[in-house]
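> All I have is the shape, not the residue letters:
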């Protein structure tokens, strides 16, 4: 198992930015880099006539955007319910390669062994961290050799300041199923995979969100400072606030 912990250069103008599409402007300025890198990882997965599964997809918008960007690929958005909003009906009419399925991330029984090229979740893993072994076993059953399990925009918990800020926010919002994640968890999850890449973001970016989210220029400058610090002082990587995780079977 190869394990890589790093802070990537934010890819501008690539397939990740195309996948974000019009939704790009809705992401906080300080977090756009992590979404761009995460969506770049999704788009780099080889999917000719393949099958891609979103877990914990909620409203289903990301599954629809992915289906639009990859018309040759069958895309299934899953959650504990099937979304039935006007937008979903519109997307299903426009995108014949898109469907939605009620399913738990721990039980994808509607899928055959080795049938999927990609499984991904956005802001999902920290809701499933109580049983990462079960999650990985089901993903490994479903994925083809070389298939990828990708998690985008997840919270790292090594930074005490970030953890304290999150604890205050979670307490105020009464969010009972939120949890931080740790490098040791990723290494444990990665044991049965051929490789694991953890992309780290937001060192100064997280405590400065209140300011940098208001000004895109400031957010871009803070992201550059974070990238410089991570590259020159790799010991700081564990103290980033957010990460993407890319596991390859």
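Nice, thanks for sending it over. Since this is a predicted model, take the numbers as computed values, not measurements.

> So what pairs up with the residue nearest the centre of the chain in the strands?
To find the centre residue of the chain, average its C-alpha atoms and take the closest one (CA atoms, centre = their mean): that gives residue 152, at 1.3 Å. Partner residues in beta bridges with residue 152, using DSSP bridges, are residue 122.

> which helix of the chain spans the most residues?
helix 216-232 (DSSP state H).

> who's in contact with the residue nearest to the centre of the chain?
Taking CB atoms under 8 Å, 6 or more residues apart in numbering as the criterion, residue 152 is in contact with 34-35, 38-39, 41-42, 120-123, 244. C-beta coordinates here come from the backbone N, C-alpha and C atoms, glycine included.

> do the same with residue 112
Contacts of residue 112 (CB under 8 Å, 6+ apart): residue 142.

> same thing but 10 Å
51, 141-142 (CB atoms under 10 Å, 6 or more residues apart in numbering).

> gap between it and residue 93?
With the distance defined as CB to CB, to the nearest Å, residue 112 ends up 27 Å from residue 93.

> Model confidence for the spatially most distant residue from the centre of the chain, exactly?
Relative to the mean C-alpha coordinate of the chain, counting by CA atoms, centre = their mean, the farthest residue is residue 93 (26.3 Å). At residue 93 the predicted local distance difference test score is 96.

> Could I get the buried residue list for stretch 126-134?
Residues of stretch 126-134 classed as buried under the neighbour-count rule (16 or more other CB atoms under 10 Å) are 126, 128-129.

> So which of these sit within strands?
Among those, no member falls in strands (criterion: DSSP state E).

> Could you dump these into a markdown table with pLDDT and distance to residue 172 added?
Shown next, in a markdown table, are the buried residues of stretch 126-134 (pLDDT from 0 to 100; distance: CB to CB, whole Å):
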| residue | pLDDT | distance to residue 172 |
| --- | --- | --- |
| 126 | 94 | 18 |
| 128 | 93 | 23 |
| 129 | 89 | 21 |
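
> From those residues, pick the one nearest residue 249.
Each of the buried residues of stretch 126-134 was scored against residue 249 by CB to CB, and residue 128 proved nearest at 18.0 Å.

> Residue 135 is in contact with the closest one, correct?
Yes: between residue 128 and residue 135 a contact is recorded at 5.4 Å, counting by CB atoms under 10 Å.

> where do the contact lists of those two overlap?
Taking CB under 10 Å, 6+ apart as the criterion, residue 128 and residue 135 both touch 55, 104-106, 121, 151.

> State the distance from residue 98 to residue 92.
Between residue 98 and residue 92 the distance is 6 Å, computed by CB to CB.

> any shared contact partners between the two?
Overlap between the contact sets of residue 98 and residue 92, as judged by CB under 10 Å, 6+ apart, is given by 60, 64, 67.

> a markdown table please, covering these and showing secondary structure and distance to residue 85.
Written out in a markdown table, the entries for these read as follows (DSSP: H, G, I helix; E, B strand; the rest coil; distance: CB to CB, whole Å):
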| residue | secondary structure | distance to residue 85 |
| --- | --- | --- |
| 60 | coil | 8 |
| 64 | helix | 11 |
| 67 | helix | 16 |
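
> hang on, the earlier thing: if I look at the residue farthest from the centre of the chain, how far off is residue 86?
11 Å.

> Over to residue 127?
26 Å.

> cool, residue 121 as well?
According to CB to CB, residue 121 stands 24 Å off from residue 86.

> and the helix or strand hosting residue 199, which strands flank it?
Per DSSP states H and E: residue 199 is located in strand 195-201. Strand 195-201 pairs in its sheet with strand 2-6 (parallel), strand 242-248 (antiparallel), by DSSP bridges.

> packing partners for the following helix or strand past that strand?
The helix or strand immediately downstream of strand 195-201 is helix 209-212, counting by DSSP H and E. In terms of contacts (3 or more CB pairs under 10 Å, 6 or more residues apart in numbering; DSSP states H and E), helix 209-212 is packed against helix 216-232.
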